[in-house]
Every structure is written in C-alpha cells, then in structure tokens.
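A.B. asks: One predicted model, sequence on top.
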Amino acid sequence: MAWKREDWRANQTVHRVIAAVMAATPMACSSSTADCSNGPANFEIDRALTVEDMVGLLSAKPAVKGWEDVQCDDVCAYLGGGFGGQELKTCDLSLPATDTDGNQVNPGSIKCSGTQPVICEGRRPLGHVEMAEGDQSVGAVLAQMAYLEAAAVDAFEQLAEQLRGFGAPNQLIQRCLLAADDERRHASVIGAHATGHAIPSPLATAAPTDLFSVALHNAVEGCVNEAWAALMAHERSRRLDDPQLRADFAVIAADETRHAQLAWDLHAWFVAQLPTTEAAVVHDAQSTALRRLPQLAVAQAGRVAEMAVLPRSIARAAARDFAARLAA
Ligand SMILES: [Fe+2]
Ligand SMILES: [Fe+2]
C-alpha cells in the first residue's frame with residue numbers, strides 16, 4: 001500500500017514534543033539585554049574523555065584508523081556533534097589510559113574552544129560539505145538555508161535508495177521520496193527570499209553507505225538535528241516580522257515535523273536490524289547529540305537575530321526541554 005502524507009498522523013510523537021516545548025517557550029524577549037544580544041557564536045568543551053568516547057569517535061569517523069591517529073580537533077568535532085566548519089581557538093587533548101586488555105585505568109581530558117557555523121537547518125546527506133559562510137545579513141542566512149534545503153533533497157533521495165538496498169519496508173522508502181519532494185519545494189521557497197545571494201549546488205564527499213553508518217547518521221542528523229530544525233521552523237512561523245516568511249515557514253514547519261517523525265521511525269527500524277554492539281554506538285551518538293543540543297542552540301541563537309528568533313537563554317532552555325522530551 002502506498003504511503004500517504006495523512007498516514008503520518010498515526011505516530012505523532014515528535015509533533016507532541018514540539019507542541020509541548022513551544023507551549024513552554026515564552027513569546028517575548030526577556031528584559032536582559034545580554035540574553036537578547038546577537039554576538040559571536042562561541043563554544044567551549046571542557047570534560048573528561050573516556051574509552052567509550054574514543055570507541056564512539058572511531059566508529060563515527062572511519063577515516064581515523066586508531067587511537068594513534070586521533071587529533072585534538074577530531075575529538076572536539078565529535079563531541080561537538082560532528083558538524084563541520086568549526087574554527088578552533090584552543091585545543092588540548094589527553095587520551096584515556098588503558099591496561100593491556102583495553103580497560104580504562106584513568107580517564108583522559110579534552111578542553112577546546114572556538115566558533116561554530118550555522119547549524120540544524122535541515123537534514124544533511126552523509127559526506128555533506130558546508131557552504132562557505134556569507135556576510136551576517138538576512139539574505140546570506142536565507143541563502144545558506146536554501147543550500148541546506150537542497151542538500152536535504154539529496155539526503156532523502158540517497159536514503160530512499162539505501163533503504164531499498166537494505167530491504168526496508170516500502171512505507172519508509174515512500175516517505176523518504178515524499179520528503180525529498182518537500183525539500184525541493186523548501187529550497188525553492190527559501191531561495192526566492194535570498195534575493196541577490198548566490199546559492200551553489202550542494203557538495204558532498206564520498207561517504208560510507210553501510211547500514212551502521214546510515215543508521216548512525218540518521219540517529220543524529222535526522223532524529224536530533226532535523227527535529228530541532230522543525231521546532232525552529234515552527235518558532236519562525238510565529239515570530240518573524242515578515243508575513244510572507246512566517247507563512248512559508250508554517251508550511252516548512254509542518255513538513256519538517258513529519259520528516260523528524262520519519263527519522264525516529266527509521267531509527268526504530270535501523271536499531272532492530274543492527275547487532276547489539278552497533279546499536280549501542282548509535283544510541284550513544286544520539287545521546288551525545290541530544291546532550292549537546294543546548295550548546296548548539298545557543299550558537300545558533302548567536303547568528304543573525306532576525307532569523308535566529310530565539311534569544312540565547314530561551315534557546316538553551318527550549319533545547320534542554322526538547323532534548324529531554326525526545327530522549328524520553
Ligand atoms: Fe526542509
Ligand atoms: Fe526536512
């Protein structure tokens with residue numbers, strides 16, 4: 001039986017989470033000018049580093065062959081949610097100490113800081129290459145969003161093909177193809193608002209396409225980032241000044257919510273296919289991404305205020321609430 005858009009209502013977990021977070025998110029800016037400022041998007045990580053972190057990093061980054069190859073920026077990018085485009089100012093790494101059986105004797109540590117690019121504006125395909133950042137104008141941000149929407153077309157088309165190869169249920173494949181159509185419309189609608197700004201075709205490098213790699217990518221990029229992008233689209237649909245942008249984001253928000261639900265439904269299927277050890281790595285990567293979401297939300301709120309819409313403290317609180325509800 002062909003999957004129809006209306007059928008997604010059978011499972012609306014993500015929709016309920018978004019509605020609950022929005023209900024708890026104040027519409028007005030707080031009186032603190034610091035909270036409403038629009039400064040640079042800095043990040044800082046300062047924490048212990050465990051053997052489990054290293055196992056997760058090596059699984060998520062096939063190019064890093066072993067502990068001896070691990071660089072400080074690899075660890076910082078991995079713990080930062082795996083996004084490209086970080087600019088590091090400082091990075092100090094100490095690896096965990098292990099015994100001859102690989103058991104942890106002492107934890108290591110990672111301390112790094114720098115800036116993050118714009119984040120969480122859709123689903124990136126595996127191997128996605130970020131668009132170079134433009135100026136800090138609304139048009140430049142919209143151009144970057146349109147680029148990510150076009151990348152999401154590729155992401156869903158690739159995913160549909162990969163799912164076919166994995167023998168996944170047809171309804172999941174059909175939903176990916178419908179999502180690719182949605183993303184094509186989003187790219188066109190958002191691109192039309194980015195007048196005067198070039199929007200290059202999305203670039204991607206070769207990436208692994210095995211079930212584990214695709215499941216890992218979906219667990220973070222779909223279940224966490226696209227779900228957060230859906231919430232941001234809902235917020236833009238009620239907060240932006242431009243009535244046409246508000247109307248366009250209302251349509252995008254409904255689509256992105258459906259895509260995020262698709263990601264969680266895919267996640268359930270992927271996890272059921274994987275051996276326990278690989279399923280645990282996927283779960284850990286997703287937990288890390290959910291834990292990191294408040295920090296990334298604050299970085300996003302540091303971007304152009306007209307498009308970021310949530311002040312930093314409200315973004316942080318909303319992301320904490322959102323991550324906790326999704327994890328539950
Ligand atoms: Fe989209
Ligand atoms: Fe999407």
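C.D. replies: Sure, I can see it. Residues are numbered from 1 along each chain as shown. Ligands and ions are numbered 1, 2, ... in the order given.
A.B. asks: Mind giving me the packing neighbours of the helix or strand where residue 313 lies?
C.D. replies: Using DSSP states H and E, the element containing residue 313 is helix 312-327. The contact analysis (3 or more Cβ pairs under 8 Å, 6 or more residues apart in numbering; DSSP states H and E) places helix 312-327 against helix 13-24, helix 227-239, helix 276-301. From N, CA and C alone the C-beta is placed, and that goes for glycine too.
A.B. asks: how does it look with 6 Å?
C.D. replies: In this structure, helix 312-327 makes packing contacts with helix 13-24, helix 276-301, judged by 3 or more Cβ pairs under 6 Å, 6 or more residues apart in numbering; DSSP states H and E.
A.B. asks: Report the angle between it and helix 276-301.
C.D. replies: An angle of 160 degrees separates the directions of helix 312-327 and helix 276-301 when computed by axes from the mean of the first three to the mean of the last three Cα atoms, to 10 degrees.
A.B. asks: Run through who's touching helix 312-327.
C.D. replies: Helix 312-327 is touched from outside by 17, 21, 25, 35, 290, 293, 294, 297, 298, 301, with contacts defined as Cβ atoms under 6 Å, 6 or more residues apart in numbering.
A.B. asks: any idea how far it is from the chain center?
C.D. replies: Here the centre of helix 312-327 is set off from its chain's centre by 14 Å, with Cα atoms, centre = their mean, to the nearest Å.
A.B. asks: Buried ones in that helix, by neighbour count?
C.D. replies: Using 16 or more other Cβ atoms under 10 Å as the test for burial, helix 312-327 gives 312-323, 325-326.
A.B. asks: Reformat those residues as a markdown table; add distance to ligand 1.
C.D. replies: Conversion of those to a markdown table gives the following (distance: Cβ to the ion, whole Å):
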| residue | distance to ligand 1 |
| --- | --- |
| 312 | 24 |
| 313 | 27 |
| 314 | 23 |
| 315 | 20 |
| 316 | 24 |
| 317 | 25 |
| 318 | 20 |
| 319 | 19 |
| 320 | 24 |
| 321 | 23 |
| 322 | 18 |
| 323 | 21 |
| 325 | 22 |
| 326 | 19 |
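A.B. asks: Which one of these is nearest to residue 165?
C.D. replies: Of all the buried residues of helix 312-327, the one with the least separation from residue 165 (Cβ to Cβ) is residue 326, at 28.1 Å.
A.B. asks: ok, so what distance separates that closest one from residue 244?
C.D. replies: When distances are taken as Cβ to Cβ, to the nearest Å, residue 326 and residue 244 turn out to be 31 Å apart.
A.B. asks: Quick one: find the helix or strand in the protein with the lowest mean pLDDT.
C.D. replies: Comparing every helix and strand of the chain by mean pLDDT, DSSP states H and E singles out helix 305-308 as the least confident one, with a mean of 64.
A.B. asks: what about the strands in the protein?
C.D. replies: All strands of the chain, identified by DSSP state E, fall at 42-49, 87-94, 97-98, 104-106, 108-115, 128-129, 203-204.
A.B. asks: And those strands: which comes nearest residue 157?
C.D. replies: Closest approach to residue 157 among the strands of the chain (Cβ to Cβ): strand 203-204, 11.8 Å.
A.B. asks: how much space is there between the residue in the stretch 151-300 of the chain that ligand 1 sits nearest to and residue 280?
C.D. replies: Among all residues of the stretch 151-300 of the chain, residue 186 sits closest to ligand 1, at 3.7 Å; criterion: Cβ to the ion. As for residue 186, its distance to residue 280 is 34 Å (criterion: Cβ to Cβ).
A.B. asks: of these two, who's got more company?
C.D. replies: residue 186 (25 against 16; other Cβ atoms under 10 Å).
A.B. asks: Which residue, neighbours along the chain excluded, lies closest to that one?
C.D. replies: In space, residue 186 comes closest to residue 149 once its chain neighbours are excluded; the distance is 4.1 Å by Cβ to Cβ, 6 or more residues apart in numbering.
A.B. asks: Tell me who's in contact with that neighbour.
C.D. replies: Contact analysis of residue 149 by Cβ under 6 Å, 6+ apart lists 122, 183, 186, 187, 190.
A.B. asks: Output the residues you listed in TSV; the columns should cover distance to residue 254 and pLDDT.
C.D. replies: As requested, the contacts of residue 149 are arranged in TSV below (distance: Cβ to Cβ, whole Å; pLDDT from 0 to 100):
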residue	distance to residue 254	pLDDT
122	15	68
183	13	94
186	11	93
187	17	93
190	15	92
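A.B. asks: Let's see which of these end up in helices.
C.D. replies: Residues of the contacts of residue 149 located in helices (DSSP state H): 183, 186, 187, 190.
A.B. asks: Closest one to ligand 2 out of the residues you listed, please.
C.D. replies: Proximity of those to ligand 2, judged by Cβ to the ion, is greatest for residue 183, which lies at 5.5 Å.
A.B. asks: you'd agree that closest one is up against residue 153?
C.D. replies: Yes. With contact defined as Cβ atoms under 6 Å, residue 183 and residue 153 form a contacting pair (4.4 Å).
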